[in-house]
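Engineer: Please find the sequence and the predicted model below.
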Amino acid sequence: MTPEDRIAELRDQVAHHNRQYHELDDPEIPDGDYDVLVAELRRLEAEHPELAQPDSPAQAVGGPASTAFAPVVHGTPMTSLDNAMHAGELEAWGQRVLRGLDGATPRFVCELKIDGVAMSLRYEHGRYVRAATRGDGRVGEDVTANVRTVEVVPDQLVAGGPLSAAGVPDVLEVRGEIYMPTSSFDALNAAADQTGDRRFVNPRNAAAGSLRQKDPSITAQRHLAFWSYQVGEVSGASPTFTCHTDTLDYLAELGLPVNPEVRSFVALDEVLAHCLHWQEHRHDLDYEIDGVVIKLDDLAQRELLGFTSRAPRWAIAYKFPPEERTTRLADIHVSIGRTGRATPFAVLDPVFVGGSTVSMATLHNQDQVRLKDVRPGDTVVVRKAGDVIPEVVGPVLALRPEHSEPWEFPTTCSCPLSSTLVRLEGEADTRCIEPTCPYQRDQRVIYWASRGAMDIEGLGERTVTQLTARELVTDPSDLYVLTADQVETLEGFARPSAEKLVAAIAESAHRPVARVLTALGIKHLGPAASEALAAGFGTVERVMAAPPEALAEIDGVGAVIARSISEWAAKESNQAFLARLRAAGVDLGSEEAAAAAAAERAAVPKVLEGKTVVVTGTLPGYTRDEAESAITSRGGKSPGSVSSKTYAVVVGESPGASKLTKAEQLGIPMLDAAGFGRLLETGELPETTSTETTSTETTSI
Ligand code: IVH
C-alpha cells in the first residue's frame, strides 16, 4: 500500500472512531487501539508533508457537538493535550520546554489525568449558569441542567480565603472533568445485569451517556462527580496569580472540587518517577485515570511557550500503556485441570496490552462464553489491568464476520480417550469424569512439581508432558525413580541438566508434610489448610485415617475440605498412590517426628489464646511462615489482613502499606521486632506501642 493510500485509510478510520466516541458515545475500539491509529497517521503525515491536510482527523480536538443539545461557542477554545506515550517522549517534551524557556528553570505541576468528559462551567457573580461539553474545542453542547444535578458542582461560589479576597469574579469559567466513580459504575452495570439493560463499556463512556440524558433526573441517579483543573474566561474581581498551583488553590477556596493528588517537581526524572508511581497505583483510586498531566507552573512561562494549532506547548499528557486492546480471537479451546474441570480459553493473536504480550485468556466456563458471546474469528477487546489475569471483555460486533455462529461447548474431551464432558445440574463447571484421563494425569504431575506444592525446580509442563507421553511417569511417585539416563533423552536436556533435575526431584522428597498434603491436589485443600492439618496430625497417613469430624475441628479446615479429604482417602487408587509415594522415599511424616512436634507444641505456653496478631514485612530471625507459626503455636491466629478484631500488628521491614494504613485507621497497636519477642513470651503488649507510622509507603504522593 502506498503511504498515500494508507493515510487515506487511516483518516477514514480515525474519523469513524471519532464519531463513534464523541458523537454517539458508542466506541467500537478501546482508546489504546485508537491512539495507535492516530499515532501512525500523525507519523505518516509528518513524513509526507505534501499529503498533509488541515482538516485531517489527526488534527481534530474531539468531535462536533451533537444536535440534540443547544450549541455553546467557547469564548476561549477548549484545546486538547499532546500525548507522551512513553518516557522518551516525555523527556523530549521536557527538552523542548527547556529550549523554549531559554535557560529559565521550569517547575512542573503534575495532576492526574482523569478519564472523564471535559467540561466548562460558567459562573456569573458566583452563580452557576451554564455547563458545556468541549465538542470540537470551539463549539460544545449545553448540558447545564444535567450538570446541575452533580452533587459536588456548587450552585453558588463563595469567596473564602486570601486568594479570593477581592470577592467572586463577575464571570468565571472553570474547566475540568466530569467523571463517574468506579463504584458508581460497578453499581450501574450490576443494575443493568438485573434488568437486562445494556452494560456500559467503561466509566468514561457511562459518564458521557449520563450527560446526554434528556431527563436530568436520570443524570442525577448516575452519581457523577467533577474535578476542576483549569480556569478559562475570568472578568471582574479577577484574581492575579503568577502560577498554576495558586489557580488550583483559588478554585478550592471558591468551593470547587480540586483533586488532592497534585505534586510539583523541578527535575524531569522526578516527574517521570511520579508518572510511573501512578501507572502502578492507578487502580487504588475510586475513579479511572489514564495518565498524568504535566503542566508548567509559572504562568508567564506558559505565555512564552504558547500553543500549537491543537494543544498547549506548556503541558503534556503522559499516557499509561493501554490496558485494553483489540485482537482476533483465533479459536476457543478447552483445557482439563487436575480435578477434571473443563475450562474454555481464548486463543488470541498475540497482542501487547497491560505491559505484556497476551496470546491466551481464560473464558472461565460455559455460561461466561454464552454471556459474552465471543466466537472464533471475532475481533475481541482484551483487557489486562495490573497484575490481574488477562480477560476477554467482549466482541467488537461491528467487525464480526458474516455467517458466524455462536460457539458450542464440546461434549467430548480432545484427549485420545475422547471421554465425555458432563455438566451436572446446578453446577457452573463442566467436567471430565474419566479417572484415567491423560490430561488430568499430566496436570496432577505438573501441580505436584509446582512452586506452592513440592517446588521441583526445572520440572515444568513441557518436561512433564514428555515424561508422561513416554510412559516414564504415570503419577508423581514415578518421578522419584527416574534416572539421569532417562531424563537425558528428553528434548531440551543434556547430561548436566538431567542430573540437576534428578537431584531436584530427590531433594523434594523431604519437603514438610504440609507441602505433600497440598501437592496431592485434593479438591479444596490449599496450602493454609494443609499447614493446619500437618500441625494437628503430623503425618499424611494420620490425616487420611482421621474421620471428617476430627479434620473439621482443626482451625482453618471446614466441613467442605474435611469431606473432600475423606472422599479422596476412601478411594483405593489413592491409597495405592500413597503407598507408592512412601515406597519411593517421599517423606509422609514419621510417628516419632509427629510425637516430638506434639510434645513441643504442648510445652509452648498458650499466651496468645484467642488473640489475633497480624505480621507485615520481614522480621529479623524469622521467615514469614516461622513468624506465623510462632503465633499459632501459642494459641493465637495470624491472618493476612487487619481488622477491628486484630490485637496487634507486628511491623517488620518493608511492611505492606494497606495493612499499616488500616491499623492506623483502627488504632491497632503496632509492635517492632523487640515488641514481638516480648509478646511471644508474655502475650502482653509493651507499655508504649505506636499507632502511627512514619513509613513513606503509606503517605500517598
Ligand atoms: S488540562 C489546555 N488537566 O485530558 C489544557 N486535562 O487528553 C487542557 N484531562 O482535554 C487540559 N485530566 O479532557 C487537563 N488534570 C487534567 C486533566 C485533563 C483529564 C483531559 C481533558 C483534556 C484531555 C486531553
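Structural biologist: All right, it came through fine.
Engineer: got a list of contacts for the lowest-mean-pLDDT helix or strand in the chain?
Structural biologist: The weakest-scoring helix or strand in the chain, judged by mean pLDDT, DSSP states H and E, is helix 591-603 (a mean of 80). Here helix 591-603 makes contact (Cβ atoms under 8 Å, 6 or more residues apart in numbering) with 535, 537, 538, 539, 542, 633. Using the backbone N, CA and C atoms, a C-beta is placed for each residue, glycine as well.
Engineer: go with 7 Å
Structural biologist: 538, 539, 542, 633 (Cβ atoms under 7 Å, 6 or more residues apart in numbering).
Engineer: what's the burial count for residue 332?
Structural biologist: Neighbourhood size, residue 332 [other Cβ atoms under 10 Å]: 20.
Engineer: Am I right that it falls within a strand?
Structural biologist: Yes. Per DSSP: H, G, I helix; E, B strand; the rest coil, residue 332 lies within a strand segment.
Engineer: Quick check, pLDDT for the nearest residue to residue 396 once chain neighbours are set aside.
Structural biologist: By the measure of Cβ to Cβ, 6 or more residues apart in numbering, the closest residue to residue 396 outside its immediate chain neighbours is residue 379, 4.5 Å from it. Residue 379 is assigned 96 on the pLDDT scale.
Engineer: same check, this time on residue 150
Structural biologist: 97.
Engineer: surely it meets residue 227?
Structural biologist: No. Checked against Cβ atoms under 7 Å, the pair residue 150 and residue 227 is beyond contact range at 11.2 Å.
Engineer: Over to the residue of the chain found nearest the ligand: give its phi and psi.
Structural biologist: Across the chain, no residue is closer to the ligand than residue 118, which sits at 3.2 Å (Cβ to the nearest ligand atom). Dihedral pair for residue 118: phi -60, psi 140, per degrees, to the nearest 10.
Engineer: How many residues are close by it?
Structural biologist: Neighbour count for residue 118, taken as other Cβ under 10 Å: 22.
Engineer: Same check on residue 427?
Structural biologist: 10.
Engineer: Mind telling me what element residue 110 is part of?
Structural biologist: Taking DSSP states H and E as the definition, residue 110 sits inside strand 108-114.
Engineer: Check which helices and strands that strand sits against.
Structural biologist: Packing partners of strand 108-114 (3 or more Cβ pairs under 7 Å, 6 or more residues apart in numbering; DSSP states H and E): strand 263-265, helix 268-281, strand 289-296.
Engineer: Flag every residue of the stretch 51-200 of the chain that's near the ligand.
Structural biologist: Residues of the stretch 51-200 of the chain found near the ligand (Cβ under 6 Å from any ligand atom) are 79, 80, 81, 111, 113, 114, 118, 177.
Engineer: who's in contact with the fourth one?
Structural biologist: When you say that, I think you mean residue 111. 229, 259, 262, 293.
Engineer: So what pairs up with the closest residue to the second one other than its chain neighbours in the strands?
Structural biologist: Nearest-residue entry for residue 259: residue 227, 4.5 Å, with adjacent residues in sequence omitted and distances by Cβ to Cβ, 6+ apart. Beta bridges link residue 227 to residue 177, judged by DSSP bridges.
Engineer: Make sure residue 227 is actually in contact with residue 256.
Structural biologist: No. Shown here, residue 227 and residue 256 do not form a contact pair, counting by Cβ under 7 Å, at 8.9 Å.
Engineer: For the protein, what lies in contact range of the ligand?
Structural biologist: Close to the ligand, as judged by Cβ under 6 Å from any ligand atom, the chain has residues 79-81, 111, 113-114, 118, 177, 229-230, 293, 312, 315, 317.
Engineer: Redo the residues you listed as JSON lines? Include pLDDT.
Structural biologist: Below are the residues of the chain next to the ligand laid out as JSON lines (pLDDT from 0 to 100):
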{"residue": "79", "pLDDT": "92"}
{"residue": "80", "pLDDT": "91"}
{"residue": "81", "pLDDT": "95"}
{"residue": "111", "pLDDT": "98"}
{"residue": "113", "pLDDT": "98"}
{"residue": "114", "pLDDT": "98"}
{"residue": "118", "pLDDT": "96"}
{"residue": "177", "pLDDT": "98"}
{"residue": "229", "pLDDT": "98"}
{"residue": "230", "pLDDT": "96"}
{"residue": "293", "pLDDT": "98"}
{"residue": "312", "pLDDT": "96"}
{"residue": "315", "pLDDT": "98"}
{"residue": "317", "pLDDT": "97"}
